[in-house]
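Trainee: fold the following for me, if possible:
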Amino acid sequence: MQNSIRSFWRKASTLLTVYYAYMVEYRAELLLWVLSGTLPLILMGVWVEASRQTDLGLSSLEFVRYFLAVFLVRQFSVVWVIWEFEREIVEGRLSFRLLQPLDPGWHHFTSHLAERFARLPFALVLVALFFLLYPQAFWIPSAGSFAVFLLAVFLAFVLRFVMQYTFAMLAFWMERANAIEQFWFLFYLFLSGMIAPLEMFPPTLRAIVEWTPFPYMIHFPASLLLDTPVNLVQGFGVTLVWIGLFFGLNRWLWRKGLRRYSGMGA
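Mentor: Numbers count the residues shown, from 1 in each chain. Coordinates of the predicted model:
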């Protein structure tokens, strides 16, 4: 048992080190990736102006802090595995991955995880600039809230990754599996809390949405960072259930698709 754990950590640390070095080589590209995730900060201006015109239940300061939290969560939960996996299938490069004694999914997962650490300095610089522009929005979350926030962000990333990697399995049957992701992204965009806080939703709609996976990829972690009262049991419970469901579907599609991929002579 100890040998298995030691072997797992050795492989994980090696993959993380390799992919971190690879990501750091492309610093300029990383900066562009970080800047491409500034949509929440743009939407912040829209909601702040709207809150000044009418009573929306949240103050302009609360909107500023919320969308900053959304920006941070988005930075560390963004995923692109479907485009990488689809390219491996179309170009036949998956065959080389299959020769290694390691599930190809671990390469994608660790490359994403390493990229989080590589983009961290850029994200922190943008946050510092944000507080220079909006010093009244500065706040320090409690240690407990911050610890739970880190866990929620990690699970949000895992959920987003497993979800998109599951859609990527459809590349065994179609050449444009990313079209499924683009359609799914519309639901993610509007129901995750990235466009608007869930507090703006009608109560009935919000009650329904809270049982879907979307709020737990953006709104739930952002609320924890802001010390907003949330149902921790439901939040983490629903997140873990959806991770389990997508992971099970992912493994089933992987086994089915792998037989098809081999049958195509790749």
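Trainee: give me the nearest residue to residue 242, chain neighbours excluded.
Mentor: residue 213 (4.0 Å; Cβ to Cβ, 6 or more residues apart in numbering). The way it works is simple: take the backbone N, C-alpha and C, and place the C-beta from them, glycine included.
Trainee: what separates stretch 40-48 from the chain centre, distance-wise?
Mentor: 20 Å (Cα atoms, centre = their mean, to the nearest Å).
Trainee: also stretch 92-107?
Mentor: Worked out by Cα atoms, centre = their mean, stretch 92-107 lies 23 Å from the chain centre.
Trainee: quick one: secondary structure of the most centrally placed residue in the chain?
Mentor: The residue lying closest to the centre of the chain (Cα atoms, centre = their mean) is residue 77, at 2.3 Å. Following DSSP: H, G, I helix; E, B strand; the rest coil, the label given to residue 77 is coil.
Trainee: my guess is it meets residue 155, correct?
Mentor: No: Residue 77 is beyond contact range of residue 155, at 9.4 Å (criterion: Cβ atoms under 8 Å).
Trainee: give me the helices and strands touching the one helix or strand residue 67 maps to, please.
Mentor: Secondary structure from DSSP states H and E places residue 67 in helix 60-75. The contact analysis (3 or more Cβ pairs under 8 Å, 6 or more residues apart in numbering; DSSP states H and E) places helix 60-75 against helix 39-53, helix 104-133, helix 219-225.
Trainee: and the residue nearest to residue 242, what does it touch?
Mentor: Counting by Cβ atoms under 8 Å, 6 or more residues apart in numbering, residue 213 touches 159, 163, 238, 239, 242, 246.
Trainee: quick one: list the elements packing against the helix or strand residue 237 falls within.
Mentor: Using DSSP H and E, residue 237 sits in helix 232-263. Counting contacts by 3+ Cβ pairs under 8 Å, 6+ apart, helix 232-263 packs against helix 143-168.
Trainee: from residue 140, how far out is the residue nearest to the centre of the chain?
Mentor: 22 Å (Cβ to Cβ, to the nearest Å).
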